[in-house]
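Engineer: Below are the sequence and a predicted model for it; my questions follow.
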Amino acid sequence: NAVYRMYGSSWIGYKDVWNDCMEVVDCVTAGTLSLSLAFLYIDVEFNRYPSRIAIAKCRHQRCVDADGKLMHSRNSAEIKQEILVVYREMKDCKPTYRLQKKLITVGCTCTHPGDCKAKQWEAK
């Protein structure tokens, strides 16, 4: 089981994209926008289909603001997705296949316990 790490260029220029494309929704204001950046790496296992799966790992425990500074008021949380994979195994010199669920991290998001959505849910 080999792991190849891919760092980098996917996050270059994120501030420009953030400022040009981000919609401000609900009660989030422009002054509180934040990012939760992630490293991506490829998990490789040749006896599995798919043999290569991209997996995210949060860069920080905290979120990053539009200026690239850590925000200690927000936590970075993993976004997980369950996928189906097929494993090939040899039994009595014959290949057999086993279907299995695999939980992977697909990205990261910012969380805040005092967020307006959380307050709305608590009030109901």
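Structural biologist: Alright, I've got the coordinates.
Engineer: what's the lengthiest strand in the chain packed up against?
Structural biologist: Using DSSP state E, we find that the single longest strand of the chain is strand 70-91. Other helices and strands packing on strand 70-91, by 3 or more CB pairs under 8 Å, 6 or more residues apart in numbering; DSSP states H and E, are strand 48-49, strand 52-58, strand 62-65, strand 94-111. Using the backbone N, CA and C atoms, a C-beta is placed for each residue, glycine as well.
Engineer: For that strand, buried residues please.
Structural biologist: Within strand 70-91, the residues that count as buried by 16 or more other CB atoms under 10 Å are Met71, Arg74, Asn75, Ser76, Val85.
Engineer: pLDDT value on the fourth one, please?
Structural biologist: Note for Ser76: predicted pLDDT of 87.
Engineer: What of the last one?
Structural biologist: For Val85, the pLDDT comes out at 96.
Engineer: Would you mark the buried spots in stretch 44-55?
Structural biologist: Buried residues in stretch 44-55, counted by 16+ other CB under 10 Å: Arg48, Ile53.
Engineer: ends of it, how far apart?
Structural biologist: Start and end residues of stretch 44-55 are separated by 10 Å (CA to CA, to the nearest Å).
Engineer: Provide the contact partners of stretch 85-105 at residue level.
Structural biologist: Identification of contacts with stretch 85-105 by CB atoms under 8 Å, 6 or more residues apart in numbering yields 38, 43, 47-50, 53, 55-58, 78-84.
Engineer: What is the burial count for Leu35?
Structural biologist: 23 (other CB atoms under 10 Å).
Engineer: same check, this time on Cys93
Structural biologist: 5.
Engineer: Run me through the strand neighbours of the longest strand of the chain, direction for each.
Structural biologist: strand 48-49 (antiparallel), strand 62-65 (antiparallel), strand 94-111 (antiparallel) (DSSP bridges).
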